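Undergrad: based on what follows, work out the 3D shape:
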Amino acid sequence: MNAPSTTERQRILVETTDARDKAETLLRGLLDARTSCERHISEGNGSSDLLKQVTGQSSIDNAIASTQRMVEALNRAINQFTRELTDEDLAILEEG
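TA: Predicted coordinates for the structure are as follows:
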């Protein structure tokens, strides 16, 4: 099996980094939403979270945990991929 070309490696790295950045943005939004929901419930303006009462975690907690795992997995992939880049690949990426 042939190794990906420099252009292909660049594309993979850029797409993976973009996916990680989007996941981090989603994570920040989920964290903000959880804070807002908790404040809303504590002020007595909303009903309690039934899922959290039953399972110990709300659906937003589950979404946050899942998104954190995705960010961590993408970071591991980026780190692994970066370690495998040649000096030529790194030089081209720095130019772009």
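Undergrad: what's the longest helix in the protein?
TA: With residue count as the measure and DSSP state H as the assignment, the chain has helix 6-42 as its longest helix.
Undergrad: give me the buried positions along that one.
TA: Judged by neighbour count using 16 or more other Cβ atoms under 10 Å, the buried positions of helix 6-42 are 9, 10, 13, 16, 17, 20, 23, 24, 27, 30. Glycine gets a C-beta too; all of them are placed from N, C-alpha and C.
Undergrad: for stretch 67-79, same thing?
TA: Those buried within stretch 67-79 under the rule 16+ other Cβ under 10 Å are 67, 70, 71, 74, 77, 78.
Undergrad: how about the contacts made by the closest residue to the first one other than its chain neighbours?
TA: I take that to be residue 67. With Cβ to Cβ, 6 or more residues apart in numbering as the measure, residue 27 is the residue that lies nearest to residue 67, at 4.6 Å, once sequence neighbours are left out. The neighbourhood of residue 27, defined by Cβ atoms under 8 Å, 6 or more residues apart in numbering, consists of 64, 67, 68, 71.
Undergrad: which one of the buried residues of helix 6-42 is nearest to residue 87?
TA: Sorting the buried residues of helix 6-42 by distance to residue 87 puts residue 9 at the head of the list, at 12.7 Å, by Cβ to Cβ.
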